[in-house]
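After the sequence you'll find the predicted model.
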Amino acid sequence: KKIKMPMLKSLSESADTDVKYFSGTSVYRKSFEVPAEFFAGRIAAELDLGDVRDIARARLNGEELGNLWHPPFARDVTGLLKEGKNFLEIEVANTWFNRLVGDERLPDDAEWKPKNKNGQLLKSFPEWFLKGEKSPAGRRAFTTFRNWTKDDKLSNSGLIGPVILRPSRIIPLCGGGVALSGDSK
């Protein structure tokens, strides 16, 4: 499903239940212009994705920036930026939790043992599952254990940002030669 987001926010804040309870990988795409004056002098640039839930992979102008799996979700992009139009693509994978909570809004499609203090275990695999069919209730996730309810607070999910291009000027600390000390034997 494709959606347009006028601003970055957690997917779990969406009114659209397909987005709100989404579990998987979301792809964010953005074109932006870099003016010629940005490159005046020796410039370094860092791309900072801000808040990411939970793991990201980014590409700038088709070049892989790698996996970003912990804060700070940032990479040096010096040399990857170009004058004019640039294209950024960010893939963000979240956890399964929001989908599981969302599916709890649907009727049961399996038999469960009585709840205990840790949650609830599946009594037996349902026939539809054993036959490789889809859930008759419309659930998208299947698990043999549950310790969540439809009323549980959802986790933040997706690219929350803000996404920032942080330029800095490169200033050489030593020019010309380097002074060495010690024996020169």
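Sure thing, it's come through. Numbers count the residues shown, from 1 in each chain.

Could you use CA atoms for every contact and neighbour count after this?
Will do.

What separation do you get for residue 106 and residue 126?
Counting by CA to CA, to the nearest Å, the gap from residue 106 to residue 126 is 16 Å.

Then residue 85?
In terms of CA to CA, residue 85 sits 53 Å off from residue 126.

which one is the residue most central in space within the chain nearest to, not counting chain neighbours?
Nearest residue to the geometric centre of the chain (CA atoms, centre = their mean): residue 92, 2.5 Å. Counting by CA to CA, 6 or more residues apart in numbering, residue 56 is the residue found nearest to residue 92 once chain neighbours are left out, at 4.4 Å.

Repeat that for residue 126.
In space, and not counting its chain neighbours, residue 126 is closest to residue 110: 5.4 Å by CA to CA, 6+ apart.

quick one: secondary structure of that neighbour?
Of the three states, residue 110 takes coil under DSSP: H, G, I helix; E, B strand; the rest coil.

Just to check, it is in contact with residue 130?
No: using CA atoms under 8 Å, residue 110 is not in contact with residue 130, being 11.5 Å away.

pretty sure residue 85 is in a helix, no?
No: secondary structure of residue 85 (three-state DSSP): strand, not part of a helix.

What is the burial count for the nearest residue to it once chain neighbours are set aside?
Nearest residue to residue 85, sequence neighbours excluded (CA to CA, 6+ apart): residue 33, at 4.5 Å. Neighbourhood size, residue 33 [other CA atoms under 10 Å]: 12.

can you list the weak-confidence ranges in this structure?
Applying pLDDT under 70 to the chain flags the ranges 175-185.

Helices along that one, start to end?
17-20, 97-103, 127-130 (DSSP state H).

Mind putting those helices into CSV with distance to residue 144 and mean neighbour count?
CSV is the format used below for those (distance: least, CA to CA, whole Å; neighbours: other CA atoms under 10 Å):
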stretch, distance to residue 144, mean neighbour count
helix 17-20, 23, 17
helix 97-103, 12, 22
helix 127-130, 11, 12
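
will you turn those helices into a markdown table that also has distance to residue 29?
As requested, the helices of the chain are arranged in a markdown table below (distance: least, CA to CA, whole Å):
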| stretch | distance to residue 29 |
| --- | --- |
| helix 17-20 | 17 |
| helix 97-103 | 23 |
| helix 127-130 | 36 |
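
between the ones you listed, which gets nearest to residue 165?
helix 17-20 (27.0 Å; CA to CA).

Alpha carbons only: can I get that closest one in PDB?
Only the C-alpha atoms of helix 17-20 are listed here, as PDB (Å, rounded to 0.1, in the frame of the first residue of the first chain):
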ATOM      1  CA  THR A  17      -5.700   0.500  10.400                       C
ATOM      2  CA  ASP A  18      -3.500  -1.000   7.700                       C
ATOM      3  CA  VAL A  19      -0.800   1.500   8.500                       C
ATOM      4  CA  LYS A  20      -1.500   1.700  12.300                       C
END
